[in-house]
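> Using only what follows, build the 3D model:
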Amino acid sequence: MEAHIQALRINRNPLNLVLGTKRKLGLRIGYMEAALKGFYLNSIETGVHPQKLTRLLSEEFHCVDTESTNGLLQFLTNEGDRVPYQIMLPYLLSSDNINEFETIIHKRFFGVERFVRQGNNLYRFVKYTEERRDPIIWINDLERGIVGWDMGLLVGLVRSALGSGYITKEEAWRYIEQANTLCADVLHTPEEIDKSFLIGKAMKSEKIEDWDRFLSCYSRLDKYRK
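Predicted structure coming up:
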């Protein structure tokens, strides 16, 4: 995977030149997910063998057919990680330390281990980036939320599902354009899109080595934000 991040692949298919604005912007939402997975960046085709895509969908997301794939895509479109994030964020921002945050969440909600775990990850990730100062995660970045994460994951899954034959190209573009519409209400620049993805992605892991990989990917996409 590091090799993919070291040399991001660009699809030179000239047909990309005739893509409409919404389709180009929709693909741009998925750049971080594409880079982390080793997909082409600017093409709906991934450049990855269909068998590998099918295995990825099955092993990582439990998608084994059209029905299960569409179920996950609809979940990401309608809810994703955005809902628990928005519930958790005010408590995280108002807490002086992570222990206070955990206490508040436990008192406020029932059955919230996922909130606590992801809140811990997010808190420590933000502190980690403060030490590195590259990139700087501002409060505004946190307040914009993680629609970029949900939709970046969605775009990557759509491309995998297309390559696996679970959905048609028309369905794939419909999902991608829908992802662009949802992001456009909140995220207005490629940097905001990538930061939103980065925050959501990092929130899912407690491992510093994972954070370093995500941050490396974020940094290497800088020239594609111009």
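> Show residues contacting stretch 127-147.
80-82, 85-86, 89, 93, 125-126, 182-183, 186-187, 192, 195-200, 203, 208, 211, 215, 218-219 (Cβ atoms under 8 Å, 6 or more residues apart in numbering). The way it works is simple: take the backbone N, C-alpha and C, and place the C-beta from them, glycine included.
> from these, which would you call buried?
Among the contacts of stretch 127-147, those scoring as buried are 80-82, 85, 89, 125-126, 182-183, 186-187, 192, 195-200, 203, 211, 215, 218 (criterion: 16 or more other Cβ atoms under 10 Å).
> Among those residues, which lie within helices?
Within these, residues falling in helices by DSSP state H are 82, 85, 89, 125-126, 182-183, 192, 195-200, 203, 211, 215, 218.
> can I assume Gly200 is in contact with Phe125?
No. With contact defined as Cβ atoms under 8 Å, Gly200 does not reach Phe125; the gap is 10.6 Å.
> Now do the same for Glu130: helix, strand or coil?
helix (DSSP: H, G, I helix; E, B strand; the rest coil).
> Leaving out chain neighbours, which residue sits closest to Glu206?
Asn121 (5.1 Å; Cβ to Cβ, 6 or more residues apart in numbering).
> Which element, helix or strand, includes the one you found?
helix 113-132 (DSSP states H and E).
> Could you pull out the buried residues of that helix?
For helix 113-132, by 16+ other Cβ under 10 Å, it's Phe115, Val116, Gln118, Gly119, Asn120, Asn121, Leu122, Tyr123, Phe125, Val126, Thr129.
> okay, the fifth one: pLDDT?
Just to be clear, that refers to Asn120. We have a pLDDT of 92 for Asn120.
> before we move on, the earlier item: anything in contact with each of Gly200 and Phe125?
Common neighbours of Gly200 and Phe125 are not found (criterion: Cβ under 8 Å, 6+ apart).
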